[in-house]
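1. Fold the following.
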Amino acid sequence: MRNKKFVVIGGGTGVSNILRGLKLFTSEITAIVTMADDGGGSGLLRREMGILPPGDLRNALVALANSSSSMEKLLQFRFKRGPLEGQNFGNLLIASLTEIYQDFETAIYEAAKVLNISGRVFPVTLDNVHLEAEFENSNRCIGESKIGEVAFREKTRIKRLSNFPRRAQIFSRAEEAILDADAIILGPGSLYTSVISNLIVKGVPEAIRKSSARVYYIGNIMTEKGETDSYSISDHIRAIKDHGGDFIDRVLINTKVPEAELLKRYEEKNQTYIDISKEDMDYLKSENMKAIMGNFINDDQDCIRHSSIRICGKIMEDLDS
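-> I've put the predicted structure just below:
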């Protein structure tokens, strides 16, 4: 029996955390990451060099790396002073490889070879896209890095997310990976700017629907300032469905409440714990989605994040059932 093939779709630290756990179970992994980042070092390279944003790709590459710890630290190193202040070495490596090979796709492939990664990492699209959000108060905002900030300031929810310009097409190799997958994992991470930002690329939801893969959504543990203030689990799933994501089979939901002191620190940053309610369970049942619940929190006391080993172990167990 062949090894099952996994596709993980998202961006940011949430997905890179899951990749670290998943590679302990299998090397049949394809990470498909968002290309809409316009903030920080990625945004600067995007504006100055005209390349696609490398940050989310870098995080996925490092998560799947089998190179030395020194190499991983180097790829994540951020300059603290001088003209490169705030810039990340890994971003500069990808930018340099893009200049050398005059091709972004080849640059990612070469970076993957340097890091000896388990699996593959693909951009969701090779088109130059930005995110445009329409809010419930009818205002609009262009730019991934501004969306949560505007929503929080104006005390409004995101109504609709789209690409600007609206021509972004799925990268062909990402499409092939989705069609060939046995399991597709969405998230965890920023609902709109890491998960839905991939689903609004033309061809992504179509490929997921066409695939015979079982689709898992990893529910966030905490809300995110601006993007998902006061959101429930079912609110997250409704937003995904509203953006073409009517294909979720399983929802992984954490039931372990973090320590009170840790929760207080997050609440000071306008983030609250997402509890599961009867209404959420009724909604999942009405949508024919199976809830997989358990303690999915990492034992680290410094921050609230998923335990990638517990999450991936549950997915493996479910996939074999």
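
2. how far away is Glu85 from Phe77?
-> With distances taken as Cβ to Cβ, to the nearest Å, Glu85 is found 12 Å from Phe77. To be clear about C-beta, it is placed using only N, CA and C from the backbone, and glycine gets the same treatment.

3. Looking at the two, which has the bigger crowd around it?
-> Between Glu85 and Phe77, counting by other Cβ atoms under 10 Å, Phe77 is the more crowded of the two (13 against 10).

4. Quick check: the gap between the more buried one and Ile221.
-> Distance of Phe77 to Ile221, computed by Cβ to Cβ: 28 Å.

5. Mind jotting down where the helices sit in the stretch 1-150 of the chain?
-> For the stretch 1-150 of the chain, the helices defined by DSSP state H, counting those that start in this stretch cover 12-22, 40-49, 55-63, 69-76, 89-101, 104-115, 144-153.

6. Name the stretch among those helices that sits most buried.
-> Most buried of the helices of the stretch 1-150 of the chain, by mean neighbour count (mean count of other Cβ atoms under 10 Å): helix 55-63, with a mean of 27.

7. Other residues contacting it?
-> With contact meaning Cβ atoms under 8 Å, 6 or more residues apart in numbering, helix 55-63 is reached by 11-13, 15-17, 19-20, 23, 31, 33-35, 37, 40-42, 72, 75-76, 88, 90-91, 93-94, 108, 111-112, 115, 117, 121, 123, 194.

8. Report the angle between that helix and helix 12-22.
-> 20 degrees (axes from the mean of the first three to the mean of the last three Cα atoms, to 10 degrees).

9. Could you tell me the angle between helix 55-63 and helix 104-115?
-> Counting by the same axes, to 10 degrees, helix 55-63 points 30 degrees away from the direction of helix 104-115.

10. So what sits opposite Val215 in the bridge?
-> Taking DSSP bridges as the rule, Val215 bridges to Ile184.

11. wait, doesn't it sit right on Val251?
-> No. Val215 is not in contact with Val251 according to Cβ atoms under 8 Å; the separation is 9.9 Å.

12. Between the two, which has more neighbouring residues?
-> Taking neighbours as other Cβ under 10 Å, Val215 and Val251 compare with Val251 leading, 25 against 21.

13. The helix or strand where that one lies pairs with which strands, and in what direction?
-> Secondary structure from DSSP states H and E places Val251 in strand 250-254. The strands beside strand 250-254 in its sheet (DSSP bridges) come out as strand 214-218 (parallel), strand 290-294 (parallel).

14. Give me the residues contacting the last one.
-> Translated: strand 290-294. With Cβ under 8 Å, 6+ apart, strand 290-294 has contacts from 249-256, 276, 281, 284, 310, 314, 318.

15. pLDDT of that strand, averaged?
-> Per-residue pLDDT values over strand 290-294 give a mean of 98.

16. how near is the closest residue to Leu84 other than its chain neighbours to Asn116?
-> Closest residue in space to Leu84, ignoring its immediate chain neighbours: Leu92 at 7.8 Å, by Cβ to Cβ, 6 or more residues apart in numbering. Relative to Asn116, Leu92 is positioned 20 Å away (Cβ to Cβ).
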